[in-house]
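Peer 1: What shape does this take:
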Amino acid sequence: MRLTKIYFPLLLVLIICATGCKKFVDVTNPDTLTDPSFWKNENSVRSYNWEFYNMFNGYGNGSATNGDFYFPTLTDDQAASTFTQFPQTTASSNADWSFANIRKANIMLERIDGVSMPDEAKNHWKGVARFFRAFQYFKLVQSFGGVPYYSRSIDFADTTQIYKPRDSRQMVMDSVLADMNFAVVNLRVKDLDNTVNKDVALALKSRIGLYEGTYRKYHTELALTDADKFLQASKDASALLMSASYALSANYQSTYNSDNLAGNKEIILYKRYEAGTLQHSLIAYNYSSTAMNGLSKSAVESYVAVDGLPISLSPLYQGDADITKVMANRDNRLKLTIDSTYLYYIGHVKNSLTASTGYRPAKFLPDTNKLKTIPTAINTGITDAPLFWLAEIYLNYAEAAAELDQMGKYTFTQADLDMSVNRLRARAGVAKLQYVAGQNVAINGTTFTDPKKDADVTSLIWEIRRERRTELMMDGFRFQDLMRWKKGTYLDSNVNPDSFLGAKVPANGAVRLNAQGYIMPYTAAQQRVFVNPKNYLSAVPTSQILLYPVSIQATMQNPGW
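Peer 2: Here you go, the predicted model:
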């Protein structure tokens, strides 16, 4: 277990100050069991909490490519410019196996009652600490499944507790839900601008509930029979946010390419970037001569036509002979997600730009005129990153409601679609989806079934999943969505070959094409095979396992590793 000591990074404090903090106190490290000189008043607690915000990756920091958007390419949505493979060996280290923020949250919880401030403030800050503890454990479980759970800070000398066995996934995620329930009840409706509050907690609860509920439902090997508990939590949290004052932006792209998301009614929480304080490199990697991670054939074909039908069923679809035909009569989100006028590939470069599949990402870029006037180099990006926003909440609600309906725990109706998915489709210029009894769907009164639908998924859930994929394209959700649905084979090049193909283009002697004329970003020898159950979870790093007692080392590793 990695327990690192906690310090206050000046840059982080400056970032937060740029969004509302007026001052901060320069303090020594409050990471001992007796540190009364630090815990004096509410400002002390607020200062301590700032470092938690580093947990939000957003578009990444500086020149790093660790942002949640665009950069994660181990999905069926993007074909990276260089081949992305599953880890083939067990790594000795993995930065994701870290409990530093858990320890930090537990210390905060243990100190709050001794701080001079009203009970309301104490409860709020306990809610903040439990929010971030839940957030960190959620991320750990997504990567590793069951992990050691700590509800109190552990002294560095207490090796028995530090190196205790893993707790079950059920125990950890039930504890996460308890933390989120506490946070929702006790967090302030509003604290400082753009900081964790009741609505942010509802948004995280919505996300966690959907993830864990569907994971428990589809991963039957876990024998966890209470998936509905998490799905209900997601649906209820989503409904509360949907009835609040948030509203979709008129322009889909404005959520992703704005210099300042303050005042955007779709946004619940965002990561603020400021010139000279904190910048990112997302724009640089989407607007340079370096080959971009293009959208796959599979991803582009997932967007429906404006009549609301899958392209294989729509008479409006004109095929994929060229980019004009690909874009004709299509979901407007496709036209805002990739360049809608040109295919960029080897031998067909424009303005020094090229993409691995021909489909060049454009979703995160400001408009062309603005691009001519703003810095586009590495570590100069200042567009804000959404962290929680209404579109995701709509999708969480629709999916949770549909899953509960299938489980016999809720009765799904047309109203559920109209208050969620159909609002997103309306913004995208797409005909509304209609619900037909038995988890079927229709357009303009005609029931349809996508020929590509998996046999084990109902049409209703299939179309909601499609909506999630297209609305949140390149937003960092897809990999974990596939993991929770137990659809890891979508990442297998033999099972889903379209995820390894790009646009259909004429041969030019430079670009690699398959027999049908589609771009092949990789050689035929470069194959990705999904191994079940191994690839559903990451390996626990061996350097950490070796720190545990020999008697439990074998139980610390995940299946298949």
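Peer 1: ok, and for the host helix or strand of residue 104, which residues are buried?
Peer 2: Using DSSP states H and E, residue 104 falls within helix 100-112. Neighbour-count burial for helix 100-112 flags 101, 102, 103, 104, 105, 106, 107, 108, 109, 111, 112 (criterion: 16 or more other Cβ atoms under 10 Å). From N, CA and C alone the C-beta is placed, and that goes for glycine too.
Peer 1: do stretch 442-453 as well
Peer 2: Across stretch 442-453, burial judged by 16+ other Cβ under 10 Å covers 443, 448, 450, 453.
Peer 1: Quick one: residues in contact with that stretch.
Peer 2: 307-310, 312-313, 431-436, 440-441, 459, 462-463, 466 (Cβ atoms under 8 Å, 6 or more residues apart in numbering).
Peer 1: Going along the chain, name the strands of this protein.
Peer 2: 78-79, 267-271, 294-295, 385-389, 434-436, 440-443, 446-448 (DSSP state E).
Peer 1: can you list these in TSV and add mean pLDDT?
Peer 2: What follows is the strands of the chain, written out as TSV (pLDDT from 0 to 100):
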stretch	mean pLDDT
strand 78-79	97
strand 267-271	98
strand 294-295	98
strand 385-389	98
strand 434-436	98
strand 440-443	98
strand 446-448	98
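Peer 1: Can you pull out the low-pLDDT segments for this structure?
Peer 2: For the chain, the stretches with pLDDT under 70 are 1-34.
Peer 1: Select the longest helix from it.
Peer 2: If you go by DSSP state H, the chain has its longest helix at helix 119-144.
Peer 1: Which strands or helices does that one pack on?
Peer 2: helix 42-49, helix 100-112, helix 169-186, helix 198-218 (3 or more Cβ pairs under 8 Å, 6 or more residues apart in numbering; DSSP states H and E).
Peer 1: what's the closest of the ones you listed to residue 156?
Peer 2: Nearest to residue 156, of all the helices and strands packed on helix 119-144, is helix 100-112, at 9.6 Å by Cβ to Cβ.
Peer 1: Return the angle between stretch directions for the closest one and helix 42-49.
Peer 2: 170 degrees (axes from the mean of the first three to the mean of the last three Cα atoms, to 10 degrees).
Peer 1: got the CA coordinates for helix 100-112 in PDB?
Peer 2: These are the backbone C-alpha positions of helix 100-112, laid out as PDB (Å, rounded to 0.1, in the frame of the first residue of the first chain):
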ATOM      1  CA  ALA A 100      -2.500   9.000  -0.100                       C
ATOM      2  CA  ASN A 101      -5.800  10.800  -0.600                       C
ATOM      3  CA  ILE A 102      -7.600   8.200   1.600                       C
ATOM      4  CA  ARG A 103      -5.200   8.900   4.400                       C
ATOM      5  CA  LYS A 104      -5.600  12.700   3.900                       C
ATOM      6  CA  ALA A 105      -9.400  12.400   4.000                       C
ATOM      7  CA  ASN A 106      -9.300  10.300   7.100                       C
ATOM      8  CA  ILE A 107      -7.000  12.800   8.900                       C
ATOM      9  CA  MET A 108      -9.400  15.600   8.000                       C
ATOM     10  CA  LEU A 109     -12.300  13.600   9.400                       C
ATOM     11  CA  GLU A 110     -10.400  13.000  12.600                       C
ATOM     12  CA  ARG A 111      -9.500  16.600  13.200                       C
ATOM     13  CA  ILE A 112     -12.700  18.500  12.300                       C
END
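Peer 1: Centre of the chain to that helix, how far?
Peer 2: 25 Å (Cα atoms, centre = their mean, to the nearest Å).
Peer 1: Same question for stretch 51-68: list its buried residues.
Peer 2: For stretch 51-68, the neighbour count (16+ other Cβ under 10 Å) marks 51, 52, 53, 57, 58, 59, 60, 61, 67, 68 as buried.
Peer 1: Dump these into a markdown table; add distance to residue 378 as well.
Peer 2: Putting the buried residues of stretch 51-68 into a markdown table (distance: Cβ to Cβ, whole Å) gives the following:
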| residue | distance to residue 378 |
| --- | --- |
| 51 | 25 |
| 52 | 27 |
| 53 | 23 |
| 57 | 17 |
| 58 | 16 |
| 59 | 13 |
| 60 | 11 |
| 61 | 12 |
| 67 | 13 |
| 68 | 18 |
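Peer 1: Go ahead and confirm residue 255 touches residue 267.
Peer 2: Yes. The criterion here is Cβ atoms under 8 Å, and residue 255 meets it with residue 267 at 7.2 Å.
Peer 1: where do the contact lists of these two overlap?
Peer 2: In contact with both residue 255 and residue 267: 261, 386, 389, using Cβ under 8 Å, 6+ apart.
Peer 1: Can you name the residues bridging to the last one?
Peer 2: Same thing as residue 389. Counting by DSSP bridges, residue 389 forms beta bridges with residue 267.
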